[in-house]
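1. here are the coordinates; sequence isn't available:
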């Protein structure tokens, strides 16, 4: 009996691991290099000052590239300047705008000239604190155009969290807006957030460049504090014909820093290398998402402040020459649960990428799927070929429901695809490729039937990611058994190689647990008999709330800052809408406060206020219990270990059954 032929996705994956030099050299040839690399991969041994050594890697080590040039100029020079690059759809303001690649180039090269005049140079860091508006994309690409490094912080992050990122990255300038718009809540005053953060930060950037929005203005603009009017600077630059050419950087130079939750409570600055980032994203959006160029439209319903937004709102679609939807709104409430399907129908979206939390919210508000059905019956979803889920585990019921709806109303062969990744990986580690056959030399993408979905799994490993399951001693275990999910070195080109200015923390956080042999993802799960990845839980203290990761330590720190709290411990509890919510156990510090297991409403509100001020509203507690003896301790009176958290989660489950 002849052996069953391998699926093309398995063939491509195996080739990428077996011969990364050949595989990624061919992918690098798809981009423009100011200095073409002579090889794809270098794998040096890194040596820390404390004597520890561990294996590292860098992609296209002697190449030089400008990602901004590849995202914008390249398409204009290739005759695609008239193609639509960005569609801004803002139901919260009632605004819609379209930008072609030629218009995008004009915006970016002028703004880059402005930043250069304001003192930004190659290698500088610029912090971006913006809402989901076109100026945010112009700003990020302008920073990249100068060879500078951007660090984007989610607009609305609390002053204390913003201050941490300012101190850690030491930006030469901050680019911000006067406000963000949060649905029916009205404008969110960014001026107070920025000023609050700068009061807390010991480091003060030289310039603050402010995009004025009509809904709420930043007033006054204080030049003596380094504040500048973004629109005013642009007007002056245009009158004088100021523009900046793209500045190439080494492939191994950083293009951005993105901060992710750390188990100590302090955020970790993931540093992305320019060359590998561009090559890996240009490949993944074509191979995994089936987005190839002009005429293809992707709607990534995330935020530019998160890694998903970096990769699939901004960089990957523009590298491919496709159209990206920039969405300022919510899946429900702006105005209702029809918003996603209206955007897909109106803008002829081919691929939607979102978090399961968004689909849960839509299902809650539209349990009969009336809006989806109506759009489908009009033929408005017939071009939708993929619905990608990421950011948290997707429950099988959601996958099955939307798979049924897509088969009825979407494009032929449309799929719901769960994919798993992280800030560290930069692109999906696993998934099911819409265009799995990569053709001759794995550079031309060809049609092929997608692998069958398995609801509850996150697909199969993506090219360049070598996934292993190991026990606590670092030894590989058999398929079908739960263990620690780790990655072999090297990662795919989008993967990080270090933390910003902190090699030692990189080693301790990702390499030390398994003695430098594997990169620890912090996730637990298994590979099944067919090679599908099942991500089941975190093995550390990170809570995933509506596809946003938070350290329990950072939430505990915010709670403990309240003067009446002596001790606290935070655990994640299941939530039907957001996946998980943080839940706090606290012990009070003063005798005059009640010791019952029922939270005092006033105290709870004050604790919530501390969390909102120091982290942000997204990390708000789902509940709190106070009382003596609630928090288990080790014999050394240590709190906050994994066993303690397991005991507390068990207590909550027991209480819910009583």
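-> Received, thanks. None of these values were measured; they are calculated from a predicted model.
2. make it CA atoms for all contacts and neighbour counts henceforth
-> Fine.
3. which residue is the nearest non-sequential neighbour of the most centrally placed residue in the chain?
-> By Cα atoms, centre = their mean, the chain has its centre lying nearest to residue 307, at 2.1 Å. Excluding the flanking residues, the one nearest residue 307 by Cα to Cα, 6 or more residues apart in numbering is residue 423, at 5.4 Å.
4. helix or strand: which one has that neighbour?
-> For residue 423, there is no host helix or strand (DSSP states H and E).
5. start the count at 835, not 1, going forward
-> That works, and once the first residue is 835, the last one we named lands at residue 1257.
6. got the phi and psi for it?
-> Main-chain torsions, residue 1257, degrees, to the nearest 10: phi -60, psi -40.
7. what sits against it?
-> Residues near residue 1257 by Cα atoms under 8 Å, 6 or more residues apart in numbering: 1092, 1094, 1104, 1140, 1141.
8. tell me where the stretch 1035-1184 of the chain has strands.
-> Here the stretch 1035-1184 of the chain has its strands, by DSSP state E, counting those that start in this stretch, at 1041-1045, 1061-1063, 1083-1084, 1088-1094, 1102-1107, 1131-1134, 1157-1161.
9. now those in CSV, with mean pLDDT?
-> Output for these, formatted as CSV (pLDDT from 0 to 100):
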stretch, mean pLDDT
strand 1041-1045, 99
strand 1061-1063, 98
strand 1083-1084, 99
strand 1088-1094, 97
strand 1102-1107, 97
strand 1131-1134, 98
strand 1157-1161, 99
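10. any chance of those in a markdown table, plus mean neighbour count?
-> Shown next, in a markdown table, are the strands of the stretch 1035-1184 of the chain (neighbours: other Cα atoms under 10 Å):
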| stretch | mean neighbour count |
| --- | --- |
| strand 1041-1045 | 23 |
| strand 1061-1063 | 18 |
| strand 1083-1084 | 24 |
| strand 1088-1094 | 25 |
| strand 1102-1107 | 25 |
| strand 1131-1134 | 27 |
| strand 1157-1161 | 26 |
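11. could you export those as a markdown table, including distance to residue 842?
-> Listed next are the strands of the stretch 1035-1184 of the chain as a markdown table, based on distance: least, Cα to Cα, whole Å:
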| stretch | distance to residue 842 |
| --- | --- |
| strand 1041-1045 | 47 |
| strand 1061-1063 | 53 |
| strand 1083-1084 | 33 |
| strand 1088-1094 | 32 |
| strand 1102-1107 | 29 |
| strand 1131-1134 | 24 |
| strand 1157-1161 | 27 |
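12. wait, which of these is closest to residue 1178?
-> With Cα to Cα as the measure, strand 1131-1134 is the member of these nearest residue 1178 (7.7 Å).
13. direction included, what does that closest one pair against?
-> strand 1157-1161 (parallel), strand 1185-1188 (parallel) (DSSP bridges).
14. got a markdown table for those, with distance to residue 850 too?
-> Shown next, in a markdown table, are these (distance: least, Cα to Cα, whole Å):
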| stretch | distance to residue 850 |
| --- | --- |
| strand 1157-1161 | 28 |
| strand 1185-1188 | 25 |
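15. of all those, which lies closest to residue 1000?
-> Of all the strands paired with strand 1131-1134, it is strand 1157-1161 that lies closest to residue 1000, at 25.8 Å by Cα to Cα.
16. now do the buried residues in stretch 1216-1231.
-> 1216-1228 (16 or more other Cα atoms under 10 Å).
17. for stretch 847-857, same thing?
-> Buried residues in stretch 847-857 (16+ other Cα under 10 Å): 847, 848, 849, 850, 851, 854, 855, 856, 857.
18. now that stretch: mean pLDDT?
-> For stretch 847-857, mean pLDDT rounds to 94.
19. what do you get for stretch 1325-1337?
-> Across stretch 1325-1337, the average pLDDT comes to 97.
20. residue 1379 is nearest to which of the strands of the stretch 1035-1184 of the chain?
-> Nearest of these (Cα to Cα): strand 1088-1094, 13.5 Å.
21. next, report how far the closest one is displaced from the centre of its chain.
-> Between the centre of strand 1088-1094 and the centre of its chain there are 11 Å (Cα atoms, centre = their mean, to the nearest Å).
22. need the residues that contact that strand.
-> 978, 981-987, 999, 1101-1108, 1140-1141, 1257, 1334, 1383.
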